[in-house]
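Q: need a structure here:
(chains A and B, ligands or ions: 1)
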Amino acid sequence: MTDVLAVTDHRRGELRDVSYELITAGRSLADETGGDLHLAVISGTVDDFADKLNREGVDAIHTVPYGEEFNHDVYTQAITQLYDELAPQYVLTPNSVNGLDYAPAVANALDLPVVTDTIGLETDGETLIATREMYGSKVETTNELENNAVVTIRSAEWPAAEGTGDATIDAFDADIDEAAIGSTVSGFEEVGGGDVDISEAELLVSIGRGIEEEENLDLIRDLADALGATLSSSRPIVDNGWLPKNRQVGQSGKVVTPDVYIAIGISGAVQHVAGMKGSDTIVAINTDPNAPIMDIADYAIHDDLFDVVPALIDEFQ
Amino acid sequence: MKILVTVKEVATVEDEFEIDGTEIADQYLGADLNEWDDYAIEEAVQLQEAGIADEVVTVTIGPEDCEQTIRQALAKGADRAVRVWDDSLEGVDLLDVNAKTEILSAVVEEEEPDLVLSGVQAGDDSFAATGVSVAENVGFQWGAVVNHLEHDFSGDTVSVRRELEGGVEELNEIELPAVLTIQTGINEPRYASLRGIRQAQRKELDVQNLADLGVDESAIDADLELTDMYEPESESDVTVWEGGPDDTAAELGELLRDKGVAQ
Ligand SMILES: Cc1cc2nc3c(=O)[nH]c(=O)nc-3n(C[C@H](O)[C@H](O)[C@H](O)COP(=O)(O)OP(=O)(O)OC[C@H]3O[C@@H](n4cnc5c(N)ncnc54)[C@H](O)[C@@H]3O)c2cc1C
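A: Predicted structure coming up:
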């Protein structure tokens, strides 16, 4: 029987969407062999979270009321103890920044393999077949694993579970060794306020590493001016200090939903796409016809931005 | 204090490529210093310049070919390098997290650093798990996805920021010794100076195999087996505008006018 223990994610009092996606991924794994799906809810308002997580397909929810916010030592200890108690075959966690802060540690502590950022999972009860990407989404791979494992799932790959469930909810009496807690979260800070809110824009002209040099950014500014568009970017442009953080679109930047998003010289890495896939119409200008951005673009120009952008500026002047 | 930086030479892939079994065919591959490790090296070198680190050592798992990449790290200011390679690693398609953990842990135990800096992920295999796994394995503290590190160390903790999703950062105090996985944007990686490049040639690059490190060959038996590699099936129904820049720009112009977002 393939029992699954899925560890939910929350931050500042809110469950994160991936928690409901974990239910779907976990359920489908458990279903292969008629196993049970257990959820773990650690720290924060666990009872309230457990009520919300009690959706169709969940067999049991184990709450660990300890501390307010995520702490990887608490998570690692609680999950390894739950694993010992429940003996699931797979521990499933989000491939979130926090998931990556405890899943590898849990795997190592339990002497299990870890496979991260999966986008597809199948099992026959013994072998796990995990699909994941490599080389910045240029290739997809299948990977096989025997026996038990810790697996992290990419967000937005599985639909969120819905419906109301009839899971048992119980408080798990985790024995947290405080002396082993070696890190303390002292607060949170929002970054990237500033001059404009790119999430309000109707038309975004977004630039990526294809721009090559900071000086070339003037060309994109001219385009934004000509179109009356707002300028945004992928992460490397912000990392280089060429644009402020409030212009970054993506997982660690902003989520945007403009009417039209023009992605110029942006490959479409998953962390970028997380921030812009909700755009109404996506146009990609990229020399690489196989860039991952093409998978979500509605329109594409497979050409050099240094040729296309000046022509587009001319159109509007 | 002593800092150990994990440095990986990653494979880069050309725009057009072909797959050969479970690998991308050689002629479409290039090699580069892992983007995230470049920031980790810079952070270590800055800690050395701030008088906090006495020594910066790099560690790389890789064949002789990657010495060029290791020299890049040395040219940027690392003091010396350790490279681990073994015949038993020769034909391995994908070195999984556990195998890397075993090897890197052995080097950590030998070097006894106070701080290990590692890139958040490697641009090729994208596991994003090795740093934290090593930390747990050697009993160090850790922090994943660090985008700011205070350089005025007091006592035996470091103050860091972890970059969470959606523009939120977590402020965290982490006890030493620790492993931090470094996110891009934490600093501005330097280019190696000519002098740095010259000096790098003379720096020590120590090569070790598994036996030297006391790692049993069975420890690197991968649990994870790469069974297939293919180009992702595109679900795209993208409309590609053909023609020269004037034609394609005109198409885009028309779309923008139709949508009423530009005049
Ligand atoms: C934890 C984490 C969080 C992250 N958060 C974010 C985030 O919030 N936002 C984000 O964007 N990234 C984020 N990233 C980084 C992400 O993984 C990618 O590295 C990044 O999005 C790549 O940016 P890019 O597309 O501009 O550059 P590249 O991937 O280098 O792509 C450049 C593209 O430009 C094209 N190009 C080059 N020259 C030209 C030309 N002359 N004309 C036309 N096209 C050209 C190339 O074909 C290529 O497709 C995150 C990564 C991690 C690990």
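
Q: What is the burial count for residue B:236?
A: Other residues within reach of residue B:236, judged by other Cβ atoms under 10 Å in any protein chain shown, total 15. Heads up, the C-betas are built off the backbone N, CA and C, glycines and all.

Q: sec struct for it, please.
A: coil (DSSP: H, G, I helix; E, B strand; the rest coil).

Q: how about the residues of the stretch 1-150 of chain A that lie near the ligand?
A: residue A:136 (Cβ under 6 Å from any ligand atom).

Q: Relative to the least confident helix or strand in chain A by mean pLDDT, what are the paired strands and their orientations?
A: In chain A, the helix or strand scored least confidently by mean pLDDT, DSSP states H and E is strand A:183-190, which has a mean of 94. Strand A:183-190 has these partner strands in its sheet, going by DSSP bridges: strand B:168-175 (antiparallel).

Q: Now do the helix or strand that comes right after the least confident helix or strand of chain A: which elements does it pack against?
A: Where DSSP states H and E defines the elements, the next helix or strand beyond strand A:183-190 is strand A:203-207. Strand A:203-207 sits against helix A:217-227, strand A:230-233, strand A:260-264, with contacts defined as 3 or more Cβ pairs under 8 Å, 6 or more residues apart in numbering or on different chains; DSSP states H and E.

Q: other SSEs contacting the longest one?
A: So that's helix A:217-227. Packing partners of helix A:217-227 (3+ Cβ pairs under 8 Å, 6+ apart): strand A:203-207, strand A:230-233, helix A:305-315.

Q: does the ligand sit close to it?
A: No. Helix A:217-227 is not in contact with the ligand by Cβ under 6 Å from any ligand atom; minimum separation 10.9 Å.

Q: now that helix and strand A:260-264, what's the angle there?
A: 160 degrees (axes from the mean of the first three to the mean of the last three Cα atoms, to 10 degrees).

Q: tell me which residues in helix A:217-227 are buried?
A: A:217, A:219-220, A:222-224, A:226-227 (16 or more other Cβ atoms under 10 Å in any protein chain shown).

Q: now these as TSV including distance to residue B:246 and pLDDT?
A: Below are the buried residues of helix A:217-227 laid out as TSV (distance: Cβ to Cβ, whole Å; pLDDT from 0 to 100):
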residue	distance to residue B:246	pLDDT
A:217	23	98
A:219	17	98
A:220	19	98
A:222	17	97
A:223	15	98
A:224	20	97
A:226	15	97
A:227	17	97
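
Q: any idea which of the residues you listed is closest to chain B?
A: Closest to chain B out of the buried residues of helix A:217-227 is residue A:227 (4.3 Å), distances taken as Cβ to the nearest Cβ.

Q: Contact partners for the spatially closest residue to the closest one that is not a sequence neighbour?
A: In this structure, residue A:227 finds its nearest non-sequential neighbour in residue B:262, 4.3 Å apart by Cβ to Cβ, 6 or more residues apart in numbering or on different chains. Residue B:262 sits next to A:203, A:227-229, A:316, B:253, B:256 when contact means Cβ atoms under 8 Å, 6 or more residues apart in numbering or on different chains.

Q: which residue ranges form the strands in the stretch 1-150 of chain A?
A: A:4-7, A:10-11, A:14-15, A:37-42, A:60-64, A:90-94, A:114-123, A:127-134, A:139-146, A:149-153 (DSSP state E, counting those that start in this stretch).

Q: And the stretch 1-150 of chain B, by the same measure?
A: Counting by DSSP E, counting those that start in this stretch, the strands of the stretch 1-150 of chain B are B:2-6, B:9-13, B:19-20, B:23-24, B:29-33, B:55-61, B:80-84, B:115-119, B:141-149.

Q: As CSV, could you dump the C-alpha coordinates of the longest one?
A: Output in CSV follows, covering the C-alpha atoms of strand B:141-149 (Å, rounded to 0.1, in the frame of the first residue of the first chain):
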residue,chain,number,x,y,z
GLN,B,141,22.9,24.6,10.6
TRP,B,142,21.6,25.9,7.3
GLY,B,143,19.5,28.4,5.4
ALA,B,144,18.1,28.0,1.8
VAL,B,145,17.8,30.7,-0.8
VAL,B,146,19.7,33.5,1.0
ASN,B,147,19.8,36.8,-0.8
HIS,B,148,21.5,38.9,1.9
LEU,B,149,24.1,38.2,4.5
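
Q: Low-confidence ranges, the stretch 51-200 of chain B, go.
A: By pLDDT under 70, the stretch 51-200 of chain B has no low-scoring segment.

Q: the helices in it, which residues?
A: Counting by DSSP state H, counting those that start in this stretch, the stretch 51-200 of chain B has helices at residues B:67-75, B:97-111, B:130-138, B:194-202.
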